[in-house]
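Q: build the 3D model from these lines:
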Amino acid sequence: MAEVTFIGLGNMGLPMAMNLLKEGHSVTGFDLAEDQVKILTDAGGKSTNNINKTIQTADSVITMLPSGKIVKSVYLGDDGIINNAPENLLLIDSSTIDVETARDVSKEAVNKNLKIVDAPVSGGVGGAQAGTLTFMVGGDKGAFNSAKEFLDIMGGNIIYAGLSGNGQAAKICNNMLLGISMIGTAEAFNLAENLGLDAQTFFDISSTASGQCWSMTSYCPVPGPVPSSPANNDYQPGFSSALMLKDLRLSQEAASMTTSSTPLGANATSIYEEIENLGHENIDFSGVIKLLQNKLK
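A: Below is the predicted model:
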């Protein structure tokens with residue numbers, strides 16, 4: 001049994017921590033939302049208000065935080081984890097942040113003889129609850145091997161992406177492609193409807209033809225063809241438009257930093273920004289079809 005300190009018990013972090021708890025690990029959680037912490041403690045976990053004290057006896061720290069700025073505040077500086085951690089503590093950051101911050105945090109950790117990986121996830125809240133997340137992991141191979149014990153409990157696919165920051169790079173590129181793909185799928189269904197072709201018929205054809213993609217067959221943006229898709233639940237978010245926009249913005253920051261041409265990524269970013277500007281950023285990202293249908297006001 002390992003001692004795990006889990007920082008960030010949000011929609012993703014809490015079920016991830018709960019899965020570690022179910023496997024017999026001792027999990028101490030921290031979050032500003034007390035109700036989330038209570039769910040963990042009611043299930044047998046512990047809570048802390050003093051992270052730097054708690055980590056003195058921890059085997060691993062796992063963080064699931066909303067931004068690179070917050071990751072920096074938690075890990076860096078005189079009061080940060082890195083400056084107060086015992087030697088050889090394993091750090092796993094599963095936040096989705098910019099590559100530069102991930103590499104800066106990793107450099108500081110390694111300088112302090114700490115093991116660290118960036119391990120962002122794909123799979124949404126459902127995957128977090130089921131323990132089937134995909135982890136894209138960057139960092140030293142030895143740190144990856146140490147982290148895998150915990151990642152295997154929380155995920156179904158654990159993929160080593162290379163050195164520090166490469167996990168974030170993989171996540172950013174994947175979600176840029178996903179955002180582009182969803183917009184393209186939504187455009188196709190919208191055009192099909194306007195041409196008089198019903199959604200189920202178009203799905204039956206395209207899902208087995210060259211237009212087939214995950215956005216169609218697993219997460220179809222129109223009601224009907226895929227019963228489990230958010231389109232059949234009034235676009236309640238499995239993965240919100242706000243989170244998609246966050247990842248698309250990260251992709252464009254990375255594209256600018258590396259002078260990479262991503263015109264479709266840029267267009268996808270502007271489309272999801274339009275959803276945000278209309279005040280509908282909390283709908284599922286597949287709800288972009290409602291924007292194309294002029295149903296978002």
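
Q: relative to F202, how far out is the most far-flung residue of the chain relative to its centre?
A: For the chain, the residue at maximal distance from the C-alpha centroid (CA atoms, centre = their mean) is G196, at 37.3 Å. Distance of G196 to F202, computed by CB to CB, to the nearest Å: 11 Å. Backbone N, C-alpha and C define where each C-beta goes, glycine included.

Q: related to what we said a few turns ago, what backbone torsions are found at the residue farthest from the centre of the chain?
A: Per-residue torsions, G196: phi 90, psi 10 (degrees, to the nearest 10).

Q: what score does it have for pLDDT?
A: pLDDT for G196: 98.

Q: mind checking how far it is from S47?
A: Distance from G196 to S47, by CB to CB: 58 Å.

Q: what about I62, which helix or strand?
A: strand 60-63 (DSSP states H and E).

Q: partner strands of that strand, parallel or antiparallel?
A: strand 3-7 (parallel), strand 90-93 (parallel) (DSSP bridges).

Q: of all those strands, which one is nearest D104?
A: D104 sits nearest to strand 90-93 of all the strands paired with strand 60-63, at 11.7 Å, using CB to CB.

Q: and the pLDDT at the most centrally placed residue in the chain?
A: The chain has V121 as the residue nearest its centroid, 4.6 Å off, counting by CA atoms, centre = their mean. What the model reports for V121 is a pLDDT of 96.

Q: isn't it up against M12?
A: Yes. At 7.0 Å, V121 counts as touching M12 under the criterion of CB atoms under 8 Å.

Q: so where do the strands sit in the stretch 1-150 of the chain?
A: For the stretch 1-150 of the chain, strands defined by DSSP state E, counting those that start in this stretch occupy the ranges 3-7, 26-30, 46-47, 60-63, 90-93, 115-118, 121-122, 133-139.

Q: which other residues reach the third one?
A: Going back to what we said before, that points to strand 46-47. 26-30, 37, 40-41 (CB atoms under 8 Å, 6 or more residues apart in numbering).

Q: pull the most distant pair out of those.
A: S26 and V37, at 15.3 Å, using CB to CB across the contacts of strand 46-47.

Q: first-to-last residue distance for stretch 194-208?
A: One end of stretch 194-208 to the other measures 22 Å (CA to CA, to the nearest Å).

Q: next up, the contacts around A43.
A: Residues in contact with A43 (CB under 8 Å, 6+ apart) are 18, 21.

Q: before we move on, the earlier item: and the strands of the stretch 1-150 of the chain as a markdown table, adding distance to S261?
A: Output for these, formatted as a markdown table (distance: least, CB to CB, whole Å):
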| stretch | distance to S261 |
| --- | --- |
| strand 3-7 | 37 |
| strand 26-30 | 41 |
| strand 46-47 | 47 |
| strand 60-63 | 33 |
| strand 90-93 | 29 |
| strand 115-118 | 25 |
| strand 121-122 | 24 |
| strand 133-139 | 23 |
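
Q: most tightly surrounded among those strands?
A: Highest mean neighbour count among the strands of the stretch 1-150 of the chain (mean count of other CB atoms under 10 Å): strand 115-118, with a mean of 28.

Q: which residues touch that strand?
A: 88-93, 97, 102, 105-106, 109-110, 137-140, 142-144, 146-147, 164-168.
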